[in-house]
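Participant: This is a predicted model, with the sequence first.
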2 protein chains.
Amino acid sequence: MVRLQSYLQDQWMPGEGTPRVLVNPATEEPLAETTTEGLDFAAALAHARDVGGPALRAMSFAERGALLKAMSRALHADREGLLALSSQCNGATRGDSKFDVDGATGTLSSYAYLGKTLGEGRYQIDGEADKLSKGARYVGQHVRLPRPGVAVHINAFNFPAWGTFEKIATAILAGVPVITKPATATATLTHRMIQIIVEAGILPAGVLGFVAGPAGDLLDHLGPQDMIAFTGSAWTAAKLRSGAGVLQRSVRINVEADSLNAAVLAPDVGPGDPVWHAFVRAVVKDMTQKTGQKCTAIRRVFVPTDRIDDVVEAFSEELAGIVVGDPQRSDVSMGPVATASQLRDCREGINLLAKEAEIVVGGPAPVSGVGVADGKGYFVAPTLLVARDADATSEVHRHEVFGPCATVIGYDGTAETAAAQVARGEGCLVSSVYGSDRDWLSSFLFAAASWNGRVQVCSEKVADQVFPPGMVLPNQVHGGPGRAGGGEELGGVRGMDFYTNRVAIQGDRGLLKKILGTP
Amino acid sequence: MVRLQSYLQDQWMPGEGTPRVLVNPATEEPLAETTTEGLDFAAALAHARDVGGPALRAMSFAERGALLKAMSRALHADREGLLALSSQCNGATRGDSKFDVDGATGTLSSYAYLGKTLGEGRYQIDGEADKLSKGARYVGQHVRLPRPGVAVHINAFNFPAWGTFEKIATAILAGVPVITKPATATATLTHRMIQIIVEAGILPAGVLGFVAGPAGDLLDHLGPQDMIAFTGSAWTAAKLRSGAGVLQRSVRINVEADSLNAAVLAPDVGPGDPVWHAFVRAVVKDMTQKTGQKCTAIRRVFVPTDRIDDVVEAFSEELAGIVVGDPQRSDVSMGPVATASQLRDCREGINLLAKEAEIVVGGPAPVSGVGVADGKGYFVAPTLLVARDADATSEVHRHEVFGPCATVIGYDGTAETAAAQVARGEGCLVSSVYGSDRDWLSSFLFAAASWNGRVQVCSEKVADQVFPPGMVLPNQVHGGPGRAGGGEELGGVRGMDFYTNRVAIQGDRGLLKKILGTP
């Protein structure tokens, strides 16, 4: 069996003690094993801080961008191998695997381009110099400097490729070394990608570390300039936020948590409209892509009460075509969820929602996967529920089933009600709205937008261009308030805010210009 | 005795139970009493969210700025009354009182002007629209929307005027209602200022609440869009960060904590230079202004070893002229610290530092105040310590004496050592450096700046213009990493980041332009 090793202090380290076994979630066959016991995380952090940080800070944005470009190229060169490994280890179809792996190389490439654009500077100039005294000579200039610490990245099991590299891309471009920890269950793909980068000899010493399993005491050693960027559950987020480093040493933490993202059908859109088709496509895609295991997937679908039957019919028809089974087969359109515990959570969650909503497609019952021995694999049926009266719902706004499951919820068709219902989720990563009436959309947006990190407006003129709202782009911020974790990633240069300290430098205008290189 | 009342749900509320008595820290005479028992904080928060928030969000920046201008004018109209009250209640000299009260009206006025500049918009446009598909039509536009919650401000005892209103100015301009809580010991001045604003009828209903004493269960009722902006000790900060709202509901929190700010004398500056004089003035001012009770005050003074004697001589000469006593007298240049427990902490702290540094001026012994009955008042002597060898120090980099106390620490004169010593404070609000050698300053800045929220460079050509580094300006960020709390306030528009959510809005370029009002 393959032993996944950690990569710390520029060395592969196997760990000690009893390893955990990782399985193919479609077949439950063992694939790899890993342990992080006995690893010296304090030394690994110190190495990143003392060796990796200074090396990156001495490079220009263009040079850091070139590192990202080289990483993107090296990974892309082994694309077929990575896609196959993804399908084998993560329950991902080829399409799902592309979404994850190409998402990783694409984001690296996007940040590489941004680095090229930012050019020869080593830090960001923030605005113009402010005059501080009567004369023009004494001024204050804000800059954003890379934090002289290390970024610990803790990622979720659902995006072992993209989740890892979208964070790495931003940190490295900002000038900050990284120790990245994927979720153990799906770490095999991440491990292979790190291996490719290490073998290609792209990065300076100390810039990248990799933890192939539990984080042990890693976070206990974080200091005042270190950072934690986390994607995962609210429960784990609360635990991380309770760490002594965050509470007492102001370790900076960014959280992306699962949320109850909404799709809203406006009352001006009916069957046959191009916007209607985009709506149906988006919801079904978001329900089934990666077996619904996307933090940005649509969970709540708000529909004017008199459209419920049409919507359910359209969704049901599409969902009927979904083939569940071994994702390595080309005739399968949806794989299993990633782990046995995810499967259990999905089933329990569907049962919970079924107390206030009617199951109209799928449900919690066991499912046999095409091409898999009977009773094997963590399969869930694509599941659609309907709650005709939004006022009679509650769990659907706070309990997320992290699988191929969404609930259609009736509302009265007004923008105010739609926005209020979106807000009941208490913070979403993304919501989408389908309609073309400008006044309606305007009312909806001003009431609903601040409950989201991103809002997609699918109207007539772009109905053929929009992609499903679950898709995160490197130049758009990714995050959301409240339940979504209150964090922010990506968004082009915006993503670097987390990895930098904004400092006001006050002094003689001429002297500061020469030292800081401002225009 | 005056009863300080809280102002919640647009009503003055006296509270119940046994009140706490507030005293004049120079004479220990009782001045006022207050209690917040029995107040319905949940209802107060809901009122701010449901009434104050919508009212502010419906206003333009210019309109919100006009509110701030009116507040500034109303407070300034009673300037003499406020200065007298400040000296009576806070142990502040007339100069200290001006620093606090004029700081409040000045910051309000500065943000009022910013509102005027921002004009008719109701939220900020963040960058240009990004093209998201091959065509030019489908785009993503980032905006910053006011959070639909309430900001709870928890302030420190040392700036009952400025601390309160610098936070209020930023929040209201951003479009967010406030419930403000000064430290109980010095709440009398804040209470009077809120009274003036309420009597002037400036603010719409629900925009401003005031808690005259302990916060009770106020923070337990915070929701996903609410915010806590805190200034005070690291210990209280850790407690606030451990609250269920922050841990589990992503309540946003900003912390400004006390830090061990540094002043660094570069080796090119000697006695007689204009920069030398600016250095001596700055350190002595920062030590004694507000009896050293400024979170931005200089605590560590790094001096090339061969300059220590000259520096100590210069400081001692200036400190000898400081008259400690009743701050209401015009012949007194430094008042008491604010409370009995501050006095105790100062004395204990000086004793702690004296284990590794020599006391050369002042010390922990009791001091009689001019114009005060013997044994009364919380007086501390201006205290200077010297540690000739930086390598032999440790407490001086981690224990702050929050009073008129600083330590001169010797270093080898290199920029690298100076920066490393600054960094030993593990995060400062501000550091200042005194020198004119560009190469030296450049080396120092690139190693030291990211350990600070602000760095002041006092060189030859601005030596006559710089003000002591402890002075915070509304257009410069105020905050710092690590021990300084990791937060950020002020900095003009930058200060509004905390009160807003950045949202990416994706859709048809033409439609979004019309809805969002982008150019």
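Facilitator: It's in.

Participant: residues in contact with the residue lying closest to residue A:255 once chain neighbours are set aside?
Facilitator: Leaving out its chain neighbours, the residue that sits closest to residue A:255 by Cβ to Cβ, 6 or more residues apart in numbering or on different chains is residue A:485, at 3.4 Å. Glycine gets a C-beta too; all of them are placed from N, C-alpha and C. Contacts for residue A:485 (Cβ atoms under 8 Å, 6 or more residues apart in numbering or on different chains) come out as A:230, A:234, A:237, A:254, A:255, A:256, A:257, A:259, A:427, A:479, B:250.

Participant: Which one of the residues you listed sits in the busiest neighbourhood?
Facilitator: Looking at these with neighbours defined as other Cβ atoms under 10 Å in any protein chain shown, the largest count falls to residue A:479 at 32 neighbours.

Participant: Then that one would be within a helix, right?
Facilitator: No: read with DSSP: H, G, I helix; E, B strand; the rest coil, residue A:479 is strand and lies in no helix.

Participant: Which strands and helices lie in contact with the host helix or strand of residue A:315?
Facilitator: Here residue A:315 sits within helix A:308-320, counting by DSSP states H and E. Judged by 3 or more Cβ pairs under 8 Å, 6 or more residues apart in numbering or on different chains; DSSP states H and E, the packing partners of helix A:308-320 are helix A:274-288, strand A:358-361, strand A:383-387, strand A:405-411.

Participant: Point out the most buried one among those.
Facilitator: Greatest average neighbour count among the helices and strands packed on helix A:308-320 goes to strand A:405-411 (a mean of 26), per mean count of other Cβ atoms under 10 Å in any protein chain shown.

Participant: How about residues contacting that strand?
Facilitator: Contacts of strand A:405-411 (Cβ under 8 Å, 6+ apart): A:283, A:286-287, A:292, A:297-305, A:308, A:311-312, A:315, A:346, A:349-350, A:353, A:357, A:362, A:380, A:382-390, A:393, A:396, A:417-418, A:421.

Participant: related to what we said a few turns ago, the helix holding residue A:315 versus strand A:383-387: what angle between them?
Facilitator: 170 degrees (axes from the mean of the first three to the mean of the last three Cα atoms, to 10 degrees).

Participant: Go ahead and measure how far helix A:308-320 is from the middle of the chain.
Facilitator: 28 Å (Cα atoms, centre = their mean, to the nearest Å).

Participant: just to revisit the earlier point, any chance of the contacts of residue A:485 in JSON lines, plus distance to residue A:505?
Facilitator: Converted to JSON lines, the contacts of residue A:485 look like this (distance: Cβ to Cβ, whole Å):
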{"residue": "A:230", "distance to residue A:505": "32"}
{"residue": "A:234", "distance to residue A:505": "39"}
{"residue": "A:237", "distance to residue A:505": "34"}
{"residue": "A:254", "distance to residue A:505": "26"}
{"residue": "A:255", "distance to residue A:505": "31"}
{"residue": "A:256", "distance to residue A:505": "32"}
{"residue": "A:257", "distance to residue A:505": "36"}
{"residue": "A:259", "distance to residue A:505": "38"}
{"residue": "A:427", "distance to residue A:505": "36"}
{"residue": "A:479", "distance to residue A:505": "29"}
{"residue": "B:250", "distance to residue A:505": "32"}
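
Participant: can you redo these as CSV with secondary structure and pLDDT?
Facilitator: CSV is the format used below for the contacts of residue A:485 (DSSP: H, G, I helix; E, B strand; the rest coil; pLDDT from 0 to 100):
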residue, secondary structure, pLDDT
A:230, strand, 97
A:234, helix, 90
A:237, helix, 94
A:254, strand, 97
A:255, strand, 96
A:256, strand, 96
A:257, strand, 93
A:259, coil, 92
A:427, coil, 97
A:479, strand, 97
B:250, coil, 95
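
Participant: which two in these are spaced the farthest apart?
Facilitator: With Cβ to Cβ as the measure, no two of those lie farther apart than A:230 and A:427, at 15.7 Å.

Participant: Residue in the stretch 351-500 of chain A with the shortest distance to chain B?
Facilitator: Residue of the stretch 351-500 of chain A nearest chain B, by Cβ to the nearest Cβ: residue A:482 (2.6 Å).

Participant: Pull the contacting residues for that residue.
Facilitator: Taking Cβ under 8 Å, 6+ apart, we find residue A:482 in contact with A:259, A:426, A:427, A:451, B:223, B:224, B:225, B:249, B:250.

Participant: Quick check: the two most widely separated of those residues?
Facilitator: A:259 and B:223 (15.0 Å).

Participant: which parts of the stretch 301-450 of chain A sit against chain B?
Facilitator: A:423, A:426, A:427, A:436, A:438, A:441, A:442, A:445, A:449, A:450 (Cβ under 8 Å from any Cβ of the partner chain).

Participant: quick one: which of those residues is most hemmed in?
Facilitator: With neighbours defined as other Cβ under 10 Å, the most crowded of those is residue A:450; it has 28 neighbours.

Participant: Please tell me how far residue A:250 sits from residue B:285.
Facilitator: To residue B:285, residue A:250 is 28 Å away according to Cβ to Cβ, to the nearest Å.

Participant: now swap in residue A:93 and tell me
Facilitator: 68 Å.

Participant: Tell me how far residue A:447 lies from residue A:416.
Facilitator: Relative to residue A:416, and taking Cβ to Cβ, residue A:447 is found at 7 Å.
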